[in-house]
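Enquirer: Here is a sequence together with a model predicted from it:
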Number of protein chains: 2
Amino acid sequence: MTEVRWLSDREQAVWRRFIYATGKFYEELERQLQRDSNMPHTYYTILVALSESDNRTMRMSDLADECRSSRSRLSHAVAKLEAAGWVTRRGCPSDKRGSYAVLTDAGFAAIDDAAPGHVEWVRQHLFDVLTEEQLDQLERICGAIENRIDGDADNRMERQLASGADRQVS
Amino acid sequence: MTEVRWLSDREQAVWRRFIYATGKFYEELERQLQRDSNMPHTYYTILVALSESDNRTMRMSDLADECRSSRSRLSHAVAKLEAAGWVTRRGCPSDKRGSYAVLTDAGFAAIDDAAPGHVEWVRQHLFDVLTEEQLDQLERICGAIENRIDGDADNRMERQLASGADRQVS
DNA sequence: TCCAATTGATTGAGTGTTCAACGATGACTC
DNA sequence: GAGTCATCGTTGAACACTCAATCAATTGGA
């Protein structure tokens, strides 16, 4: 296409710091949960979503949206959670394609155990190191990134629908 | 231990946004590289590090540090890269335990192909959506997170060395 | 000098993720 | 109603990562 807009030295520096800080942050977050509660962060998220839902029950599809997970990932994950006895599955009467995921008492106990340590870790590693001002800044920065990424998804849809139009992203 | 310092509503909101924005960002970054250049971001990082090094050659150990990767991960990755013909391995004469990773011409061509699209993606999804001011803010925020995380690692070391001292992190 | 501890790097098992394909049901249209 | 298309959810294969164990080479002391 056109000329590549390479990163300036300054941008390079910020980029590498961003990649490192966030990457390491996730790695350690994962490690903390795995070590202390024997579950990946994805599972934690699923259990939390279920625990906050009515009757501790959700449609797989809604659960995927809530957890911002792909259907496939959720399916695999819930299979594991079921094997662990933390979740059970139940068919949906009104739509026979659908199914419900239901949090068991054991599952509820599991997040109940996991939450304090996890929240404390998050506080120590994120909120304790940022000022109030930085919290606002971070929120806005994440908002901007989020908009762009989600906008992409929409564009992709549009393009799928009205394929043939070769409009530029920029 | 002591009382749990749960997150306030505001903190919850920022936390979820942070998790979502950065998580999705990584997912899409990965997807872009996989789709356009058929490699995960980890491999990209390795190839870049090698391409910037003297003689396109690095000790595995140094490469791992440079890429902020575990030894194990790097070992697996380089094995794959070798199978793809992008890297070769070579023994180290001065320390017979060690080995060198060397970028091949094919490997150099591979990043050369991958880089423009990847950089453009990063620009569009990060730098284009942030103001100069936000860039500064992001750098400082990442710096703070980084310090905390890396501080942990040091603490862990200290504790390992002088185990028996049960001092609190907070 | 010799033994113990450390370091460089690899390996295999286990786990979670993606992608594409699939079966089954539902919705919509002619 | 019959055919088409979209949606719900699952599955299996391929792949990358982690963790713990391993091996070989090196370093450091007694």
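Expert: It's in. Note that the structure is a prediction, hence the values are computed from the model and not measured.

Enquirer: Can you give me the neighbour number for A:Leu7?
Expert: 17 (other Cβ atoms under 10 Å in any protein chain shown). For glycine as for every other residue, the C-beta is placed from the backbone atoms N, C-alpha and C.

Enquirer: what about it, distance to B:Glu66?
Expert: In this view, A:Leu7 and B:Glu66 are 18 Å apart by Cβ to Cβ, to the nearest Å.

Enquirer: Kindly report the same for A:Ala83.
Expert: 40 Å.

Enquirer: Pick out whichever of these two has more residues nearby.
Expert: Taking neighbours as other Cβ under 10 Å, A:Ala83 and B:Glu66 compare with B:Glu66 leading, 18 against 9.

Enquirer: dump the residue contacts of that one.
Expert: B:Ala49, B:Met58 (Cβ atoms under 8 Å, 6 or more residues apart in numbering or on different chains).

Enquirer: A:Ala21 now?
Expert: Per Cβ under 8 Å, 6+ apart, neighbours of A:Ala21: B:Cys142, B:Gly143, B:Ile145, B:Glu146, B:Ile149.

Enquirer: Quick check: pLDDT value at it.
Expert: We have a pLDDT of 96 for A:Ala21.

Enquirer: What strand or helix carries it?
Expert: helix A:9-37 (DSSP states H and E).

Enquirer: Name the residues of the helix or strand that that helix is followed by that are buried.
Expert: Sequence order places helix A:41-52 as the next helix or strand after helix A:9-37, per DSSP H and E. Neighbour-count burial for helix A:41-52, counted by 16 or more other Cβ atoms under 10 Å in any protein chain shown, picks out A:His41, A:Thr42, A:Tyr43, A:Tyr44, A:Thr45, A:Ile46, A:Leu47, A:Val48, A:Ala49, A:Leu50.

Enquirer: Turn those into a markdown table, columns for distance to A:Gly23.
Expert: Output for the buried residues of helix A:41-52, formatted as a markdown table (distance: Cβ to Cβ, whole Å):
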| residue | distance to A:Gly23 |
| --- | --- |
| A:His41 | 14 |
| A:Thr42 | 17 |
| A:Tyr43 | 21 |
| A:Tyr44 | 19 |
| A:Thr45 | 19 |
| A:Ile46 | 23 |
| A:Leu47 | 25 |
| A:Val48 | 23 |
| A:Ala49 | 25 |
| A:Leu50 | 28 |
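
Enquirer: could those be laid out in TSV, adding distance to chain B and pLDDT?
Expert: What follows is the buried residues of helix A:41-52, written out as TSV (distance: Cβ to the nearest Cβ, whole Å; pLDDT from 0 to 100):
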residue	distance to chain B	pLDDT
A:His41	9	98
A:Thr42	10	98
A:Tyr43	14	98
A:Tyr44	11	98
A:Thr45	8	98
A:Ile46	14	98
A:Leu47	15	98
A:Val48	11	98
A:Ala49	11	98
A:Leu50	16	98
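
Enquirer: Show me the two of those that sit farthest apart.
Expert: Across the buried residues of helix A:41-52, the longest distance by Cβ to Cβ is 15.1 Å; it joins A:His41 and A:Leu50.

Enquirer: Checking my notes, A:Ser94 in a strand, right?
Expert: No - judged by DSSP: H, G, I helix; E, B strand; the rest coil, A:Ser94 forms no part of a strand; its state is coil.
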